[in-house]
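Visitor: A structural model of the following input is requested.
(one chain, ligands or ions: 2)
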Amino acid sequence: MKERILTGIRPTGNLHIGHYFGTVQNWVKLQDEYDMFIEIADVQALTDNFNNPEKVRENIKKLAIDLLSVGIDPSKVTLFIQSMVPQIAELTVYYSNLVTVARLYRNPTVKTEIAQKKALFGNDGESVTYGFVGYPVSQAADITCFKGKYVPVGDDQLPLIEQTREIVRKFNSIYKSNMIEPQALLTKTSRIKGLDGNEKMGKSLGNAIFLVDDDETISKKIMSALTDTKKIRANDPANPDVCMVYYYHKLVNDNNIETVCSECKKGQRGCVACKKELIAKMIEFLSPIRSKRKYYEENINEVDKILLDGANAAKKEAEKTIKEIKKDMQINYYE
Ligand code: TRP
Ligand code: SF4
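Guide: Ligands and ions are numbered 1, 2, ... in the order given. Modelled structure (predicted):
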């Protein structure tokens with residue numbers, strides 16, 4: 001029997017190549033080796049966007065199509081929408097007694113996110129909601145509802161996995177239960193840099209290449225990417241290690257990477273030509289993803305069916321878990 005993996009992603013926008021090379025490419029590999037559940041975390045997205053429900057709603061199918069287009073295979077993976085499995089919310093309530101408010105505020109991921117919010121909206125204590133501070137509890141429910149043994153995540157998510165493990169240990173010790181303590185499955189390169197050289201590629205940072213971008217958009221974006229600023233003329237030698245064009249060549253033009261590197265260093269390669277080569281390679285890389293996207297966009301019923309089937313399968317698993325948990329908690333009246 002294959003071991004179970006659960007991971008989640010918030011539906012807040014289209015996927016970019018940072019998501020792909022940082023995270024999703026790895027999921028595509030893992031789906032062959034594991035019994036994999038992928039949650040489209042709409043409830044978690046609402047903790048940030050509760051006053052903007054349209055944004056969450058309109059991104060559900062976009063995200064599903066993105067995931068299917070890069071090769072997530074519904075015959076191997078249970079792909080489901082979080083809110084369609086109410087048992088997760090139920091389990092969140094039970095877990096909420098096992099976590100102190102102080103501990104949640106100390107969670108490094110929550111801490112960073114609160115600091116970011118304060119920087120954006122001012123130092124207003126009122127702006128941090130109960131739902132937001134509590135989202136690690138909900139994430140613990142996401143994982144354990146499906147008895148996920150491994151959780152493939154980037155290192156920014158480690159504190160959330162650690163908190164999940166704490167909750168599980170406490171649950172097991174208080175209720176004499178044997179819930180699985182999940183382990184993080186770290187993705188090697190979880191963060192892909194942006195076109196401007198920023199450590200993170202992100203929609204809000206305006207430095208991302210999206211999987212849905214057309215040729216012209218890709219071309220424009222790559223043409224304006226950060227290169228070695230010391231290089232003025234086409235035949236100046238330069239340092240590829242400070243150049244984002246080189247950085248992306250490594251992702252989509254690996255076969256030719258040594259040539260790119262040595263020509264750049266020796267001044268045998270102009271930046272414009274180098275960027276054009278990258279544009280061609282990027283488009284080549286996106287081409288199979290685009291044809292799959294076209295298929296799913298034209299067959300949206302199939303996407304609906306995948307999400308409905310996924311929710312039903314997920315619900316079945318979650319129901320089993322909740323039943324056991326309620327028994328352990330002695331709230332299984334009349335069962
Ligand atoms: N918090 C994760 C993120 O922002 C998304 C997520 C939701 C998740 N539920 C999860 C990740 C469960 C792993 C397991 O990227
Ligand atoms: Fe970057 Fe290519 Fe220019 Fe070198 S030649 S600085 S790798 S764009």
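Visitor: tell me the contacts of Ile40?
Guide: Counting by Cβ atoms under 8 Å, 6 or more residues apart in numbering, Ile40 touches 8-9, 11, 60, 63-64, 79-82, 307. All C-beta atoms are positioned from the backbone trio N, CA, C, and that covers glycine.
Visitor: just the helices in the stretch 201-335 of the chain please.
Guide: Assigned by DSSP state H, counting those that start in this stretch, the stretch 201-335 of the chain shows helices spanning 215-223, 244-252, 257-266, 271-298, 300-328.
Visitor: near ligand 1, which of the contacts of Ile40 show up?
Guide: Filtering those for neighbours of ligand 1 using Cβ under 6 Å from any ligand atom leaves 8-9.
Visitor: Just the contacts of Ile40: which are in strands?
Guide: 8-9, 79-81 (DSSP state E).
Visitor: For Gly202, give its distance to ligand 2.
Guide: Separation of Gly202 from ligand 2 (Cβ to the nearest ligand atom, to the nearest Å) stands at 22 Å.
Visitor: Correction: the previous question concerned Glu263.
Guide: Relative to ligand 2, and taking Cβ to the nearest ligand atom, Glu263 is found at 7 Å.
Visitor: Run through the residues that contact that residue.
Guide: By Cβ under 8 Å, 6+ apart, the contact set of Glu263 is Arg269.
Visitor: so Gln87 touches Lys315, yeah?
Guide: Yes - using Cβ atoms under 8 Å, Gln87 makes contact with Lys315 at a distance of 6.9 Å.
Visitor: Do any residues in the helix or strand bottoming out on mean pLDDT in the chain lie close to ligand 1?
Guide: Sorted by mean pLDDT, DSSP states H and E, the helices and strands of the chain end with helix 108-121, the least confident at a mean of 84. No - contact of helix 108-121 with ligand 1 (Cβ under 6 Å from any ligand atom) is absent, the minimum separation being 7.8 Å.
Visitor: Now do whichever strand or helix holds Leu6 against helix 300-328, angle only.
Guide: Using DSSP states H and E, the element containing Leu6 is strand 4-9. Orientation of strand 4-9 against helix 300-328 (axes from the mean of the first three to the mean of the last three Cα atoms, to 10 degrees) gives an angle of 120 degrees.
Visitor: and the residue of the stretch 1-150 of the chain at minimum distance from ligand 1, bridged to which residues?
Guide: Nearest to ligand 1 in the stretch 1-150 of the chain, going by Cβ to the nearest ligand atom, is Gly8, at a distance of 2.6 Å. Note on Gly8: beta-bridge partners by DSSP bridges are Glu39.
Visitor: Please list the residues of the protein that sit near ligand 1.
Guide: Checking the chain against ligand 1 by Cβ under 6 Å from any ligand atom, the hits are 6-10, 39, 41, 44, 139, 142-143, 151, 153, 157.
Visitor: rerun at 5 Å
Guide: With Cβ under 5 Å from any ligand atom as the criterion, the chain meets ligand 1 at residues 7-8, 41, 44, 139, 142, 151.
Visitor: Including neighbour count, could those go into CSV?
Guide: Listed next are the residues of the chain next to ligand 1 as CSV, based on neighbours: other Cβ atoms under 10 Å:
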residue, neighbour count
Thr7, 25
Gly8, 19
Ala41, 25
Gln44, 26
Gln139, 24
Asp142, 28
Val151, 22
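Visitor: on that earlier part again, out of the contacts of Ile40, which is most surrounded?
Guide: In terms of neighbour count, Phe80 stands highest of these at 27 neighbours, by other Cβ atoms under 10 Å.
Visitor: what sits against it?
Guide: 37-40, 307, 310-311, 313-314.
Visitor: what does Leu98 give?
Guide: Contact analysis of Leu98 by Cβ under 8 Å, 6+ apart lists 167, 170-171, 174.
Visitor: Would you list the buried entries among those residues?
Guide: 167, 171 (16 or more other Cβ atoms under 10 Å).
Visitor: Out of the contacts of Leu98, the closest to ligand 2 would be?
Guide: The closest of these, once distances to ligand 2 are taken by Cβ to the nearest ligand atom, is Ile167, at 47.0 Å.
Visitor: got the end-to-end distance for stretch 197-212?
Guide: From its first residue to its last, stretch 197-212 covers 21 Å (Cα to Cα, to the nearest Å).
Visitor: Could you pull out the buried residues of it?
Guide: Buried residues in stretch 197-212, defined by neighbour count with 16+ other Cβ under 10 Å: 201-202, 207-212.
Visitor: what's that stretch in contact with?
Guide: Outside stretch 197-212, the residues touching it (Cβ under 8 Å, 6+ apart) are 12-18, 20, 66, 69-70, 191-196, 218, 221-222, 226, 242, 244, 282, 286, 289, 293.
Visitor: please redo it, this time with the cut-off set to 7 Å
Guide: Identification of contacts with stretch 197-212 by Cβ atoms under 7 Å, 6 or more residues apart in numbering yields 13-18, 20, 66, 69, 191-196, 218, 221, 226, 244, 282, 286, 289.
Visitor: And Gln87 and Lys315? Which one has more around it.
Guide: Ranked by neighbour count (other Cβ under 10 Å), Gln87 and Lys315 place Gln87 first, with 21 against 17.
Visitor: Checking my notes, that one in a helix, right?
Guide: Yes - counting by DSSP: H, G, I helix; E, B strand; the rest coil, Gln87 is found in a helix.
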